[in-house]
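**Q** Predicted model and sequence follow; I will ask about them next.
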Amino acid sequence: QVQLVESGGGLVQAGDSLRLSCAASGRTFSSYSMGWFRQAPGKERQFVASIRWSGGNTYYTDSVKGRFTISRDSAENTVYLQMNSLKPEDTAVYYCAAAFRRTIIGGSATPDYWGQGTQVTVSS
């Protein structure tokens, strides 16, 4: 069982930065690919970024490439999402997800565990 706890959301202005954190419980963090998804009001949940359990390959949805960076700290069992140059369309609840020894790519991904979400609001 893995528990995921997100933090770092908030209200910012367009162009600002935020860093989201996702702390994972358990001793097998290195065996999990980690990802971030988001869901805006009235919209389906969307894949944002992921980092593979082996090799550390990263993947991003096109709309955040060059602005967001996903990283992980295995010593701290934490995955981060650094979000720069935020736009109002980035406003959503952001969810952390974990998949055991599987790559998380795209909206069809089926992670094993989900966090409770953290709200990010970007004002124009």
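**A** Cool, got the structure.
**Q** Spell out the residue ranges of the strands in the chain.
**A** 4-7, 10-13, 18-24, 32-39, 46-51, 58-60, 68-73, 78-83, 92-100, 113-114, 118-123 (DSSP state E).
**Q** I'd like to know which elements the third one is packed against.
**A** In terms of contact count using 3 or more CB pairs under 8 Å, 6 or more residues apart in numbering; DSSP states H and E, strand 18-24 is assigned the packing partners strand 4-7, strand 32-39, strand 78-83, strand 92-100, strand 118-123. Bear in mind the C-beta positions are built from the backbone N, C-alpha and C, glycine included.
**Q** Spatially central, which residue of the chain would that be?
**A** The residue lying closest to the centre of the chain (CA atoms, centre = their mean) is residue 36, at 2.2 Å.
**Q** tell me the contacts of that one?
**A** 20, 22, 48-50, 70, 79, 81, 94-97 (CB atoms under 8 Å, 6 or more residues apart in numbering).
**Q** let's see it at 7 Å
**A** For residue 36, the contacting residues are 48-49, 70, 81, 94, 96, by CB atoms under 7 Å, 6 or more residues apart in numbering.
**Q** Of all pairs in the residues you listed, which one spans the longest distance?
**A** 70 and 94 (11.6 Å; CB to CB).
**Q** circling back to that earlier point, so which of the contacts of residue 36 comes closest to residue 41?
**A** residue 94 (13.4 Å).
**Q** and the closest residue to that closest one other than its chain neighbours, bridged to which residues?
**A** Computed as CB to CB, 6 or more residues apart in numbering, the closest residue to residue 94 that is not its neighbour in sequence is residue 38, at 4.8 Å. Beta-bridge pairing of residue 38 under DSSP bridges involves residue 46, residue 94.
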